[in-house]
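> here's my sequence, what's the structure:
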Amino acid sequence: MAAEEVKSKAILVDAAGNTNHDDREDRPERNPDTLPTSRDPSGMCPRCGRVSNFTPEKSVNLYGTVETMTPLECQGCRRKTVVIEKFMSVNGGPSRWQGVHWWPVAAAVVDMADVPSNLASAFQEGVRCVSVEAPHAAVAMFRNALAQIVQDKGSEQAKKKDTLNLAIKQMVVDRTLHDGFAEWADHVRKVGNAGAHQESWDEIPLEQAQELQDLVKHLIDSLYVQPAKLARAMPARKRPKP
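This next block holds a predicted model:
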């Protein structure tokens with residue numbers, strides 16, 4: 001019997017091959033910043049986008065007793081999400097259950113209608129990396145999202161800079177980014193570099209990747225979403241004179 005199957009003996013399998021999660025041991029603490037799983041049925045709903053609790057239904061084994069599929073019903077919108085989980089080692093640590101895929105796709109609920117496709121794609125991929133607890137990949141993608149902002153919003157002078165650091169500084173000079181946003185952007189750049197060059201930097205904790213996700217989301221909201229909403233807003237109308 002494989003070592004993973006021995007370690008996952010806490011799972012009960014019925015005669016139909018379904019998995020009972022009720023008796024699983026060593027459940028993780030709930031983390032509302034990650035996507036829901038059968039072991040942590042809380043987090044952002046891929047259907048409605050709200051942080052919610054979920055009701056897990058009976059799981060089905062996909063590969064022995066080390067890979068399962070579980071429907072989760074959001075207690076907010078009452079719609080269901082499917083999560084694929086695998087019993088695996090994470091970052092060289094002991095094997096444990098890990099969500100590896102969700103349907104619908106994570107971050108699909110983020111409104112990116114007014115955001116360039118390259119930027120939206122980079123940000124959403126970073127969010128998916130956070131959801132499966134891959135912080136190094138996540139921060140690298142958030143840095144990529146920042147580079148996409150430079151290419152879309154930066155002046156020609158900013159785009160021609162040799163490094164992202166210099167491009168951000170030029171955007172501050174151009175007043176494309178105000179000083180507060182410049183600090184955010186520089187923080188995203190530095191941590192993104194650390195994620196992309198792991199051989200030279202300390203390990204990136206998941207919490208830091210989640211922090212970068214929030215910062216990039218605020219940048220996108222301030223530079224794209226809110227200006228687009230304002231542009232679509234109807235101007236105030238004066239009442240006709242009697």
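
> and the residue positioned nearest the centre of the chain, which of the three is it?
The C-alpha lying nearest the average C-alpha coordinate of the chain belongs to Val127 (CA atoms, centre = their mean; 1.8 Å). Recorded secondary structure, Val127: helix (DSSP: H, G, I helix; E, B strand; the rest coil).

> now do the strands in this structure.
Taking DSSP state E as the test, the strands found in the chain are 12-13, 18-20, 42-44, 51-56, 59-61, 67-74, 80-89, 95-103.

> output the ones you listed as CSV; include the columns mean neighbour count, mean pLDDT and distance to Gln210.
Yep, even glycine has a C-beta here, placed from its N, CA and C like the rest. Below are those laid out as CSV (neighbours: other CB atoms under 10 Å; pLDDT from 0 to 100; distance: least, CB to CB, whole Å):
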stretch, mean neighbour count, mean pLDDT, distance to Gln210
strand 12-13, 14, 46, 33
strand 18-20, 16, 49, 29
strand 42-44, 22, 89, 11
strand 51-56, 17, 94, 13
strand 59-61, 17, 93, 27
strand 67-74, 21, 96, 21
strand 80-89, 18, 92, 19
strand 95-103, 18, 86, 15
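
> of these, which is nearest Ala228?
Closest to Ala228 of the strands of the chain is strand 42-44 (CB to CB; 23.0 Å).

> returning to that earlier point: my read: the residue nearest to the centre of the chain touches Leu212, true?
No. Judged on CB atoms under 8 Å, Val127 makes no contact with Leu212 at a distance of 10.6 Å.

> need the overlap of contacts for these two.
By CB atoms under 8 Å, 6 or more residues apart in numbering, Val127 and Leu212 have these common neighbours: Ala138.

> circling back: redo the strands of the chain as CSV? Include distance to Lys169.
Below are the strands of the chain laid out as CSV (distance: least, CB to CB, whole Å):
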stretch, distance to Lys169
strand 12-13, 58
strand 18-20, 54
strand 42-44, 34
strand 51-56, 36
strand 59-61, 51
strand 67-74, 44
strand 80-89, 41
strand 95-103, 38
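
> what's the closest of those strands to Lys159?
Comparison of the strands of the chain against Lys159 by CB to CB identifies strand 42-44 as nearest, at 33.9 Å.

> listing partners with orientation, what would you give for that closest one?
If you go by DSSP bridges, strand 42-44 pairs up with strand 51-56 (antiparallel).

> could you check the angle strand 67-74 makes with the partner strand?
Angle, strand 51-56 to strand 67-74, by axes from the mean of the first three to the mean of the last three CA atoms, to 10 degrees: 120 degrees.

> can I get the CA coordinates of strand 51-56 in PDB?
Coordinates of each C-alpha in strand 51-56 appear next as PDB, following Å, rounded to 0.1, in the frame of the first residue of the first chain:
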ATOM      1  CA  VAL A  51     -16.900  35.100   2.000                       C
ATOM      2  CA  SER A  52     -19.200  32.400   3.300                       C
ATOM      3  CA  ASN A  53     -19.500  29.000   5.000                       C
ATOM      4  CA  PHE A  54     -20.200  25.900   2.900                       C
ATOM      5  CA  THR A  55     -22.000  22.600   3.400                       C
ATOM      6  CA  PRO A  56     -19.900  19.700   2.000                       C
END
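
> great, nothing more from me.
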